[in-house]
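Asker: quick one, what's the 3D model for this:
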Amino acid sequence: MRSFRTGDHGAAVRDIQQRLLGLGERIDERELDGRFGPSTEAAVRAFQARRALRVDGIVGPDTWGQLVEASWRLGDRTLYLREPPFRGDDVRELQRKLNVLGFDAGREDGVHGQQTDAAVREFQRNVGQEPDGVVGLHTIATLERMRPQERAPSRAVVREREELRRMRAPIAGQTIAIDPGPIGESAATCRSIAAALARELASVGARPEVLAGADEDVSAAERARRANALGAALCVGLHVGAGGSGPTCSYFGTDRSHSPVGMRLAGLVLHELEEALGRRGRLQRLSATILRETRMPAVQVEPAALDDPEAARLLEPDRVARAVAAGIRRFFRS
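Answerer: Prediction:
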């Protein structure tokens with residue numbers, strides 16, 4: 001889809017505005033004729049901040065997808081395993097309830113995949129229902145009667161923390177997916193860093209796989225699918241935008257849940273980037289597609305912004321690649 005930003009107008013902008021209003025955001029009524037003005041941008045930014053999205057005021061694929069997903073509530077539709085999977089806040093709510101009851105639905109990412117389906121079937125067997133994986137009104141009513149404590153620790157987070165304590169493996173032979181990001185203004189920079197990182201990882205015996213070719217325009221969902229199909233041990237996404245100061249490393253997370261293993265990986269990579277670039281950085285939760293839909297520990301690395309006065313130095317591919325590779329090596333050793 002195309003992206004929408006300040007200055008755009010039309011039926012698509014009206015649709016965006018109506019969805020934002022339905023979610024409780026405020027927009028100046030003078031813009032409600034489909035004009036993407038200052039108050040619409042402010043509403044988009046507020047929504048992005050709440051959803052752990054990149055806060056840029058632009059409605060791109062990630063923001064649009066989550067605007068649609070945010071409209072679903074558990075019980076609005078029947079959920080079951082299918083391809084493409086159901087995505088939405090109803091799925092996220094289902095995962096949360098199952099996890100706090102002790103049925104491992106996996107990461108609370110709002111994507112109804114195989115682990116969520118397995119947790120539904122296990123729950124149905126435990127309560128004497130036909131374990132068909134179909135989440136209709138009867139299964140939902142039974143879930144609600146169990147009164148799951150929404151603020152209780154999620155089993156998915158607890159499980160990941162336990163896995164993190166046990167994880168230790170040599171980097172040699174490990175498949176590492178490298179996401180060079182989409183075609184756009186920063187594509188050449190990201191692809192140069194991706195190529196340098198692949199060389200660094202190969203030099204220590206890892207098996208790097210770049211998820212898109214130099215001129216290949218592939219959606220984030222497809223790049224995540226490729227990483228999953230590889231069975232990669234971890235995924236490194238690259239992003240270069242505008243604004244900000246110092247390196248940023250992001251891991252999957254929302255206001256309700258996060259990936260402890262992804263946070264560990266992001267923290268180690270950030271430390272190495274700070275040392276290499278001489279800049280203090282930032283660790284953040286983000287629900288971008290490449291972090292949300294990959295099934296392995298993942299980090300999105302933004303070493304610097306294109307408009308930073310020192311961008312040429314900070315975005316030097318070999319320097320960045322050495323730092324990211326050092327963080328990955330520490331992850332496998334720790």
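
Asker: count residues in the vicinity of S203, would you?
Answerer: Neighbour count for S203, taken as other CB atoms under 10 Å: 10. C-betas here are computed from N, CA, C, even on glycine.

Asker: all the helices of the stretch 151-300 of the chain, in order from the start?
Answerer: Per DSSP state H, counting those that start in this stretch, the stretch 151-300 of the chain carries helices over the ranges 155-166, 187-203, 220-230, 260-277, 289-292.

Asker: what's the closest of those helices to V120?
Answerer: Of all the helices of the stretch 151-300 of the chain, the one in closest proximity to V120, counting by CB to CB, is helix 155-166 (14.2 Å).

Asker: mean confidence for the closest one?
Answerer: The average pLDDT for helix 155-166 rounds to 66.

Asker: still on that earlier bit, for the helices of the stretch 151-300 of the chain, which one sits closest to A321?
Answerer: With distances scored as CB to CB, the stretch of these nearest to A321 is helix 187-203 (3.6 Å).

Asker: where does pLDDT dip in the protein?
Answerer: Within the chain, the ranges that satisfy pLDDT under 70 run 150-167, 244.

Asker: could you list the domains of it?
Answerer: Per the record, the chain has its domains at 11-69, 89-152, 167-333, by automatic domain parsing.

Asker: and the shortest one, how far out from the chain middle?
Answerer: So that's domain 11-69. Using CA atoms, centre = their mean, to the nearest Å, the distance from the centre of domain 11-69 to the centre of the chain it belongs to is 19 Å.

Asker: any chance of the domains of the chain in JSON lines, plus distance to D76?
Answerer: JSON lines is the format used below for the domains of the chain (distance: least, CB to CB, whole Å):
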{"stretch": "domain 11-69", "distance to D76": "12"}
{"stretch": "domain 89-152", "distance to D76": "6"}
{"stretch": "domain 167-333", "distance to D76": "19"}
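
Asker: nearest to R77, out of those domains?
Answerer: Evaluated with CB to CB, the domains of the chain place domain 89-152 nearest to R77, the distance being 6.9 Å.

Asker: before we move on, back to that, would you turn the helices of the stretch 151-300 of the chain into JSON lines with distance to A323?
Answerer: Compiled in JSON lines, the helices of the stretch 151-300 of the chain are given as follows (distance: least, CB to CB, whole Å):
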{"stretch": "helix 155-166", "distance to A323": "22"}
{"stretch": "helix 187-203", "distance to A323": "9"}
{"stretch": "helix 220-230", "distance to A323": "21"}
{"stretch": "helix 260-277", "distance to A323": "4"}
{"stretch": "helix 289-292", "distance to A323": "20"}
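
Asker: which one of those helices is the most hemmed in?
Answerer: Burial of the helices of the stretch 151-300 of the chain is given as mean neighbour count (mean count of other CB atoms under 10 Å); helix 289-292 ranks first at a mean of 24.

Asker: so how far is that helix off the chain centroid?
Answerer: Computed by CA atoms, centre = their mean, the chain-centroid distance of helix 289-292 equals 3 Å.

Asker: what's it packed up against?
Answerer: Here helix 289-292 touches helix 61-69, helix 220-230, strand 234-238, strand 248-252, strand 298-302, going by 3 or more CB pairs under 8 Å, 6 or more residues apart in numbering; DSSP states H and E.

Asker: can you lay out these as TSV showing distance to L314?
Answerer: Listed next are those as TSV, based on distance: least, CB to CB, whole Å:
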stretch	distance to L314
helix 61-69	25
helix 220-230	24
strand 234-238	13
strand 248-252	12
strand 298-302	10
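
Asker: thinking again about what came up before, what about the domains of the chain, which gets the closest to R5?
Answerer: Nearest of these (CB to CB): domain 11-69, 4.6 Å.

Asker: gap between E69 and R87?
Answerer: Relative to R87, E69 is positioned 5 Å away (CB to CB, to the nearest Å).

Asker: the more surrounded of the two?
Answerer: Each of E69 and R87 has its neighbours counted (other CB under 10 Å); R87 has more, 21 against 18.

Asker: report the beta-bridge partners for the more buried one.
Answerer: Per DSSP bridges, residues listed as beta-bridge partners of R87: V111.

Asker: ok, it - contacts?
Answerer: For R87, the contacting residues are G65, E69, G110, V111, H112, by CB atoms under 8 Å, 6 or more residues apart in numbering.
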